[in-house]
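In: curious how this folds, go ahead:
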Amino acid sequence: MVKSGLDDALLQTPGAVPRVSQYRLAAHLSSAFVIYGLMLSTGLKILWRPLPAIPSLRSFYLATHVAATVLFLTIISGAFVAGLDAGLIYNEFPRMGEGLIPSDMWALSDGSIQGQKVKPRWKNFFENPSTVQFDHRLFVSLILLFSIS
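Out: Presented below is the predicted three-dimensional model:
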């Protein structure tokens, strides 16, 4: 997977840092988690008998699935952070620069980057390192809230 995501032009340039596509990294990681989750789910269904229908277990079951979904999104957003080296931008927490939200969060779509084509707003969530790191921090905060409650 890593070899398929490497840019050959960067490998030929002396002093260049090899990069892996954040999309391929996230796809590889998410497919691994989905396959592992399906294997675990199948194994648990074989081993465990169905539990009686208790209303309190139903709400616990729902909360567990919501927490697992947020955890999955956190891990996948971490793949985007790693692929873009977004963790190198803002090293303080909870602030990101001068505020809680980075000032360059929409930099790809507002035309503030000189010489770069303006992209749709949604591309910031996948290609703007500041937005990717903010999203990852937001998901981590949600996981913390789920674990406390």
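In: from here on, contacts and neighbour counts on C-alpha atoms
Out: Will do.
In: flag every buried residue along whichever helix in the chain runs longest.
Out: Counting by DSSP state H, the longest helix found in the chain is helix 55-84. Counting neighbours by 16 or more other CA atoms under 10 Å, one finds that the buried residues in helix 55-84 are 67, 70-84.
In: run the chain-centre distance for it.
Out: 11 Å (CA atoms, centre = their mean, to the nearest Å).
In: could you dump the helix or strand just after that helix to CSV, C-alpha only?
Out: Once the chain leaves helix 55-84, the next helix or strand it forms, by DSSP states H and E, is helix 124-127. Only the C-alpha atoms of helix 124-127 are listed here, as CSV (Å, rounded to 0.1, in the frame of the first residue of the first chain):
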residue,chain,number,x,y,z
ASN,A,124,-10.8,21.7,3.0
PHE,A,125,-11.9,18.7,5.1
PHE,A,126,-9.6,16.4,3.1
GLU,A,127,-6.8,18.6,1.7
